[in-house]
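One predicted model, sequence on top.
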Amino acid sequence: MSVISRRPFPTALLLGVSAYVLCAGAAFADPAPPFPELLRQAQTTAPRLSEARAEIARAEGLARQARAIPNPTIGVEVENFSGSGPFRGTSLAETTASIEQTLELGGKRSARVAVGRAEVQAARARAVRIQGEYAFDLAASYAEAEASDRRLQLAMESAGFAQEDSRIASALVEAGREADLRRVQALAALQAARAAVEEARAARATAFSNLTALVGAPAPITSISISLLARADQAFPATLPDPLASPGYLAAQAEREAAARRIRVERIRAVPDVTVSVGARRFEGDDATAMVAGVSIPFPVFDRNRGNISAAQAELSAAESRLSAALLEAEAAVRSGSARLSAAETRLRASQEGERTAEEAYRLTRLGYEGGKLDLVELLNAQRALAEARAQTINAAVERLSAQAGLARLAGATPFGDPR
């Protein structure tokens, strides 16, 4: 007669697992909202996006400054006063009041304005690229946080299975039906399962901390309100992104245009500017006033701005190289992203089918166990197989969401909903 009781598998530990997970989330009042809403909120809280907006504001300020013309210079000069002989006192003083204005030649101002506009466009293009990259990172972090929550629950369920297996092994050893090695092996498996729980708990804390930091939330995010992994089955548009329309390529193109315009600015800067002056001179000795005027222009002997021109040309060459690299990277990313999405879809379908098979195997094993035809060990093995299948489905769902978000980033679209 078997000493192993054929009672249903105890669910107290599994209920405790669920209670732990729920309590862990309820201990804080800051669950993450649905992903589209979280992305909307992050527009004002995420440091990365705030930096991008500040860069646009900086470029706009420089563009406004580029339209400014040189300020005039007002001067007053007094000569022939407080000397000796007839120049004692101020009776023979000559006072000149003048105004000078530098006239920029060669189209310097228009070139500066063109560069300012190009810099603004480049800053905005970079902001679009950063927005897409941020949305991708946020989607990945959101999905990983949710997945870590599910992995913790599965790890704790597996620990429950290991604990029950250890109980059975001890009973078998005490009944003389198994060697003591069986109990030692079961205890080792139980310790490994408990270590896996702690590892999953630490991974969950890390995932939610990363999500909180990425959003820039004022309070820790500790739970997910609406599942994003549930959207892994949704179809993604069949049209592949155009590499020439990817945010990374467009940003590199805008930076190349700005670099090209800076060359013209440096070349024109070598053209000398003319300074004209006009004023009036007062002769105290003759009680008379006369007009004065003048023109001055630098003589370009030593400085012709050749170093800055060479630097601007090198900067353009680098920008063109970055543009070519951006196109190649976008084309490769489209190809690899398409293949990754296809593989992720296949993996997800296989994982879901494997989970359904494991669920059916568990159902049949449980029926056999409750009917007295199978041992509890076989039921525990079926439960472990089901937990592993569910873990595979979680990983496959995360991978497919990541592949979807990657193609959305290449297309310049917001993944899983428009935040605007």
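That came through fine. Numbers count the residues shown, from 1 in each chain.

contacts, neighbours, all on C-alpha from now
Noted.

I'd like to know which elements the helix or strand hosting residue 397 is packed against.
Element membership for residue 397 (DSSP states H and E) is helix 376-411. Packing partners of helix 376-411 (3 or more CA pairs under 8 Å, 6 or more residues apart in numbering; DSSP states H and E): helix 108-174, helix 247-269, helix 306-370.

what about the second one, average pLDDT?
Average pLDDT, helix 247-269: 96.

what's downstream of it, the next helix or strand?
Remark: after helix 247-269, the chain's next helix or strand is strand 274-283, criterion DSSP H and E.

Tell me the gap between that following strand and the middle of its chain.
Distance of strand 274-283 from the chain centroid (CA atoms, centre = their mean, to the nearest Å) equals 59 Å.

Which positions in it come out as buried?
275-277, 279, 281-283 (16 or more other CA atoms under 10 Å).

Which neighbours in the sheet does it have, and how are they oriented?
Applying DSSP bridges, strand 274-283 is found paired with strand 94-103 (antiparallel), strand 288-296 (antiparallel).

hmm, who's touching the shortest one?
If you take CA atoms under 8 Å, 6 or more residues apart in numbering as the criterion, strand 288-296 is touched by 98, 274-283.

Return the member of those residues nearest to residue 352.
Checking these against residue 352 by CA to CA gives residue 274 as the nearest, at 77.7 Å.

Run through the residues that contact that closest one.
By CA under 8 Å, 6+ apart, residue 274 lies in contact with 102-105, 295-298.

which among those residues end up buried?
For these, buried by 16+ other CA under 10 Å: 102-104.

Now for the residue most central in space within the chain: which residues touch it?
Geometric centre of the chain, nearest residue: residue 134, 3.0 Å, by CA atoms, centre = their mean. Contact analysis of residue 134 by CA under 8 Å, 6+ apart lists 48-49.

contact partners of the helix or strand hosting residue 53?
Element membership of residue 53, judged by DSSP H and E, is helix 47-66. Under the criterion CA under 8 Å, 6+ apart, residues 43-44, 109, 112-113, 115-117, 119-120, 123-124, 126-127, 130-131, 134, 214-216 lie in contact with helix 47-66.

what ranges of the stretch 1-150 of the chain fall below the confidence cut-off?
Counting by pLDDT under 70, the stretch 1-150 of the chain contains low-confidence ranges at 1-29.

The stretch 301-420 of the chain too?
Flagging of the stretch 301-420 of the chain using pLDDT under 70 yields the residue ranges 417-420.

Could you provide the strands paired with strand 274-283 in JSON lines, with additional columns for distance to residue 178?
Compiled in JSON lines, the strands paired with strand 274-283 are given as follows (distance: least, CA to CA, whole Å):
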{"stretch": "strand 94-103", "distance to residue 178": "101"}
{"stretch": "strand 288-296", "distance to residue 178": "107"}
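
Residue 206 is nearest to which of those strands?
Closest approach to residue 206 among the strands paired with strand 274-283 (CA to CA): strand 94-103, 61.0 Å.

Now do that closest one: distance to the chain's middle.
55 Å.

who's in contact with it?
Applying CA under 8 Å, 6+ apart, the contact partners of strand 94-103 are 70-81, 273-284, 292.

For residue 92, see how far away the residue at the greatest distance from the centre of the chain is.
What lies farthest from the middle of the chain is residue 85; by CA atoms, centre = their mean that is 79.5 Å. Distance, residue 85 to residue 92, using CA to CA, to the nearest Å: 11 Å.

returning to that earlier point: which ones are touching the residue farthest from the centre of the chain?
If you count contacts by CA under 8 Å, 6+ apart, residue 85 has none.

any idea how far it lies from residue 284?
Counting by CA to CA - residue 85 and residue 284 are separated by 16 Å.

and if you look at residue 270?
43 Å.

Compare these two (neighbour count), which wins?
Counted by other CA atoms under 10 Å, residue 270 and residue 284 do not tie: residue 270 has more neighbours, with 18 against 15.

Tell me the spatial nearest neighbour of the more buried one, not counting adjacent residues.
residue 304 (5.1 Å; CA to CA, 6 or more residues apart in numbering).

Three-state assignment for the one you found, please.
At residue 304 the chain is in coil, as set by DSSP: H, G, I helix; E, B strand; the rest coil.

What number of residues are in the vicinity of residue 269?
Neighbour count for residue 269, taken as other CA under 10 Å: 21.

That one: what's it in contact with?
Going by CA under 8 Å, 6+ apart, residue 269 touches 108, 305.

For the helix or strand that contains residue 36, list every residue counted as buried.
Following DSSP H and E, one finds residue 36 within helix 35-45. Using 16+ other CA under 10 Å as the test for burial, helix 35-45 gives 35-36, 38-39, 41-43, 45.

Could you do stretch 379-397 as well?
In stretch 379-397, counting by 16+ other CA under 10 Å, buried: 379-397.

Identify the residues contacting that stretch?
Residues outside stretch 379-397 that contact it (CA under 8 Å, 6+ apart) are 147, 150-151, 154, 157-158, 161, 164-165, 229, 232-233, 344, 347-348, 351-352, 354-355, 358-359, 361-362, 365-366, 369.

Can you add distance to residue 173 and give the buried residues of strand 274-283 back as CSV?
Converted to CSV, the buried residues of strand 274-283 look like this (distance: CA to CA, whole Å):
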residue, distance to residue 173
275, 104
276, 107
277, 109
279, 114
281, 118
282, 121
283, 124
